[in-house]
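Q: pasting a predicted model and its sequence here:
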Amino acid sequence: MKKYIPHILGAIFVLVIIGAWMLIAHLVKKPSETQVPFVAAHNYFLRNDVTEPVPAKIGSQCEFEQYFGMAAFMGKNGQPTPIDFETQFAIAVVMPETNHSTELHAESLTDDGQKLIFTYSVGVASGENTWTQVPMLLIFVDRQYERNSVELQEKTN
């Protein structure tokens, strides 16, 4: 029996180490990200006099109008999506000018506790066009979810 005591103590030691590791892993788990609701904006365009990069987060009407104009048209859904900067802010993704038909799609907006992470996808047609476009995507978010910074992430397949 005495010759088995070191093996039993070794097994107990290993079990204690594994249990402690599992407890620490459970307590130190990564904070979960919270999904944030948003509204995809339609019928806006990037002004052709914009030369500097567009910030990801736009918090005022004045700043918004420095970069974007309204593109209203007749018919159903012809009015731009309304925004109230008292209760909302905008998140913008603007890509370089291209002669390929390019569409940006909002995938998700999450809050990691310190910043908002906006994930979007890009669809590019294979053929070239005779015209160019500046692909862009705007979403409007309630101010209750506002953070100091916004991170833009392109979803890759």
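A: It's in.
Q: tell me which element the residue nearest the centre of the chain falls in.
A: For the chain, the residue nearest the mean C-alpha position is Phe118 (0.4 Å; CA atoms, centre = their mean). In the assignment (DSSP states H and E), Phe118 maps to strand 116-133.
Q: and the next helix or strand past that strand?
A: Assignment by DSSP H and E places the next element after strand 116-133 at strand 136-142.
Q: list the contacts of the very next helix or strand once past that following strand.
A: Helices and strands here follow DSSP H and E; after strand 136-142, the next one along the chain is strand 150-154. When contacts are defined by CB atoms under 8 Å, 6 or more residues apart in numbering, strand 150-154 is touched by residues Ala56, Lys57, Ile91, Val93, Lys115, Leu116, Ile117, Phe118, Thr119, Tyr120, Ser121, Val122. Placement of C-beta: from N, CA and C, glycine included.
Q: farthest pair within these?
A: Using CB to CB, those span at most 21.5 Å, a distance reached by Lys115 and Val122.
Q: specify the residue ranges that define each domain of this protein.
A: As given by automatic domain parsing, the domain ranges for the chain are 1-30, 34-154.
Q: picking that back up, sheet partners, orientation included, of the strand holding Phe118?
A: In its sheet, strand 116-133 lies beside strand 98-111 (antiparallel), strand 150-154 (parallel), with partners assigned from DSSP bridges.
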